[in-house]
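*Asks:* next come a sequence and a model predicted from it.
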Amino acid sequence: MLKIQRKLSKTQTPKENAKKDTISATMDHDYVSDMETKRGAGGKSALDDMADLLHTPSKGAHVCKITNHNTTMEDLLEAIQALQLRFDTQYEKMADMTAKLTQNTVMISSLAKAPKYNAAEVKDCKEKIATMETEVSITRKEVNKLQVNLRQLDHYKQR
């Protein structure tokens, strides 16, 4: 049987022979995964075989967009004026952005001060609440004493 396989394998390419030898050798071992048998002899995967198909052609020569090489002074002046206008608008946009940045910086600094101010206000309010609580407790004691005195007076009047 091996002689028949050898004769058949002589008519095929060396790559195919190696692939068949690897597959037949791994068929005896059931622990070899399917991926290893599909890879073939050189350890090449299907992506390696397709690398030739994924070739991106290089770009051709650039086509010159300017066909008229005879530029006049008027054309240059127009181009310079167009650039001047463009730079002026860019400068105005930059100035606007600078002004907005300054406004935002001032706003952020005022917002940074706000928690400090609020914390101080909360502290003052807590102090006032503490003093009011003591005053309320004192006032309740006085009211209770006055109520007791009033009851005693009413009791003596009835006698």
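*Replies:* It's in.
*Asks:* switch to C-alpha atoms for all contacts and neighbour counts from now on
*Replies:* Noted.
*Asks:* so Ala114 versus Asp124, what's the distance?
*Replies:* The gap separating Ala114 from Asp124 is 15 Å, by C-alpha to C-alpha, to the nearest Å.
*Asks:* now the helices for this protein?
*Replies:* Ranges of helices in the chain, per DSSP state H, are 2-10, 14-27, 34-39, 46-49, 73-158.
*Asks:* point out where the protein drops to low pLDDT.
*Replies:* Across the chain, the ranges flagged by pLDDT under 70 are 1-69.
*Asks:* go again with 80.
*Replies:* Applying pLDDT under 80 to the chain flags residues 1-71, 159.
*Asks:* reformat the helices of the chain as TSV; add mean neighbour count.
*Replies:* Listed next are those as TSV, based on neighbours: other C-alpha atoms under 10 Å:
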stretch	mean neighbour count
helix 2-10	10
helix 14-27	15
helix 34-39	14
helix 46-49	10
helix 73-158	12
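*Asks:* OK, contacts around Gln84?
*Replies:* Contact analysis of Gln84 by C-alpha atoms under 8 Å, 6 or more residues apart in numbering lists nothing.
*Asks:* how close does it get to Thr72?
*Replies:* Computed as C-alpha to C-alpha, the Gln84 to Thr72 distance reads 18 Å.
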